[in-house]
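In: here is the input, now give the coordinates:
(chains A and B)
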Amino acid sequence: NAGVTQTPKFRVLKTGQSMTLLCAQDMNHEYMYWYRQDPGMGLRLIHYSVGEGTTAKGEVPDGYNVSRLKKQNFLLGLESAAPSQTSVYFCASRPGPAGPTQYFGPGTRLLVL
Amino acid sequence: DQQVKQNSPSLSVQEGRISILNCDYTNSMFDYFLWYKKYPAEGPTFLISISSIKDKNEDGRFTVFLNKSAKHLSLHIVPSQPGDSAVYFCAAHYSGTYKYIFGTGTRLKVLA
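Out: Okay, here's the model as predicted:
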């Protein structure tokens, strides 16, 4: 049982490039989340999903898109990367409505030059 | 407007003593509060939570206290161990939604 995994662990992009971050969970959780963490700030919600095929915007969604085609995977896309998107990205999952605990992946460190 | 605040960026405690980490919130619509622990280059890991209808929850060395009138919660670690050295995040869950608000974290250093 790997829990929540994230791919890649680290990436360097040039401004304007695109990339996709992959989050996978093997716990059969309904809800999945993407956060970013910046120095001196708490985790901020980018997008989330409450089930396969559904997504919704969080607190800071601009410049990002997401998809949840399979229950176990939640993809975060950057269409045209900007230096302001340099951050550490965390994916999390939650079983469902019962119980508030989220389980986090190890993070993806992204540097946009 | 920070709805969840951790006003102490860092805290140092001697091994064996009590560590007290604090968190303040402004929104009465939160129904759960959670504490996460984060080591460098790792994701946050769940530590302990408390429902807004409770005032205390205990799990081993970790106890969370909730003071609703003051909109304040605290995490007590007794006794503190060097392995507890990490960043601790307080998070609040919005009732009836899927959303959480995180504090900015407190870096705890337990000195051997």
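In: distance of the nearest residue to A:Gln17 once chain neighbours are set aside from A:Leu22?
Out: What sits nearest to A:Gln17 in space, not counting adjacent residues and going by C-beta to C-beta, 6 or more residues apart in numbering or on different chains, is A:Ala81, at 5.3 Å. The way it works is simple: take the backbone N, C-alpha and C, and place the C-beta from them, glycine included. Per C-beta to C-beta, to the nearest Å, A:Ala81 is found 16 Å from A:Leu22.
In: neighbour-wise, which of those two wins?
Out: For A:Ala81 versus A:Leu22, the count of surrounding residues by other C-beta atoms under 10 Å in any protein chain shown is larger for A:Ala81: 21 against 15.
In: residue contacts, the more buried one?
Out: A:Ala81 makes contact with A:13-19, A:110, A:112 under the criterion C-beta atoms under 8 Å, 6 or more residues apart in numbering or on different chains.
In: quick one on the thing from earlier: and the residue nearest to A:Gln17, its phi and psi?
Out: Its backbone dihedrals place A:Ala81 at phi -60, psi 140, with angles given as degrees, to the nearest 10.
In: run a quick neighbour tally on A:Pro39.
Out: Other residues lying near A:Pro39 total 7 when counted by other C-beta under 10 Å.
In: repeat that for A:Lys14.
Out: When neighbours are defined as other C-beta under 10 Å, A:Lys14 has 9 of them.
In: nearest spatial neighbour of it, skipping sequence neighbours?
Out: Nearest non-adjacent residue to A:Lys14 (C-beta to C-beta, 6+ apart): A:Leu113, at 5.5 Å.
In: so the one you found touches A:Gly16, yeah?
Out: No. In this structure, A:Leu113 sits apart from A:Gly16 without contact. The criterion is C-beta atoms under 8 Å, and the distance is 10.4 Å.
In: centroid-nearest residue for chain A?
Out: With distances taken as C-alpha atoms, centre = their mean, the residue of chain A nearest its centroid is A:Trp34 (2.9 Å).
In: correct me, but A:Gly53 touches A:Val66?
Out: No. In this structure, A:Gly53 is not within contact of A:Val66 by C-beta under 8 Å, at 11.7 Å.
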